[in-house]
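# my questions concern the predicted model and sequence given below.
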Amino acid sequence: MNTTLIALDIPNFGDPRRTHDVQRLLRATMYAQLEESFAMTRLPWRDCHREDRGDGALIVAPPTVAPYAALDPLAHHLTALLRRSNRLANDITRLRLRMAVHCGEVHHDAHGVLGQDVTHLFRLLDAPAFKLAMADARDADLGMVVSDHLYRAAAAEGALDPDAYAPVSVDCKQAPKAKARLWLPPRR
């Protein structure tokens with residue numbers, strides 16, 4: 001099934017200062033804000049396949065969802081929600097998210113989803129250049145990396161602002177020198 005894929009990760013989730021209670025708070029906040037931002041973007045949260053990843057999540061939208069909706073609209077709504085909740089947070093309880101978005105073929109088995117496009121999604125999420133960009137953008141509550149394939153398709157449809165996306169190289173196993181696009185929220 002060809003669909004929209006979203007992977008999220010909470011940077012520094014395993015920081016020793018983040019106790020089990022803090023980790024529970026971060027996870028609860030992440031899921032609540034994802035559900036709210038999906039509603040704001042009119043993405044069908046309840047119809048999405050979701051897999052918890054401990055310090056993040058994998059979300060597979062139904063094939064009827066346009067992959068472009070998971071880019072600018074979702075990123076802007078999620079950023080606004082994160083900023084609102086992080087206003088009173090400290091370094092330990094501040095929720096920051098790295099988000100990767102891709103589209104492609106997904107297969108199911110008894111344990112969840114799999115396929116080359118799912119693997120590529122997580123290569124994007126774990127790309128050292130993406131992690132470094134997020135570490136450098138300390139004021140950003142959300143960073144999003146988009147596969148080159150999805151970016152080009154969305155740009156051709158006029159579904160995003162191409163000036164808001166910077167090229168980034170995804171150089172990790174099974175995806176050497178792959179291209180992607182990085183979105184960071186506008187500076188306040």
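Sure thing, it's come through.
# skipping adjacent residues, who's closest to R50 in space?
I59 (5.4 Å; CB to CB, 6 or more residues apart in numbering). Placement of C-beta: from N, CA and C, glycine included.
# hang on, the one you found in a helix?
No - counting by DSSP: H, G, I helix; E, B strand; the rest coil, I59 is not part of a helix but strand.
# that one: what's it in contact with?
Applying CB atoms under 8 Å, 6 or more residues apart in numbering, we find I59 in contact with L5, I6, A7, L8, L34, C48, H49, R50.
# buried sites along the strand or helix carrying the second one?
With elements delineated by DSSP states H and E, I6 resides in strand 2-9, which encompasses its position. For strand 2-9, the neighbour count (16 or more other CB atoms under 10 Å) marks T3, T4, L5, I6, A7, L8, D9 as buried.
# mean confidence for the helix or strand just after it?
Next along the chain after strand 2-9, taking DSSP H and E as the criterion, comes helix 20-41. Helix 20-41 shows a mean pLDDT of 97.
# run through the neighbouring helices and strands of the helix or strand that helix 20-41 is followed by.
The element immediately downstream of helix 20-41 (helix or strand, assigned by DSSP H and E) is strand 49-52. If you count contacts as 3 or more CB pairs under 8 Å, 6 or more residues apart in numbering; DSSP states H and E, strand 49-52 packs onto strand 56-60, strand 112-114.
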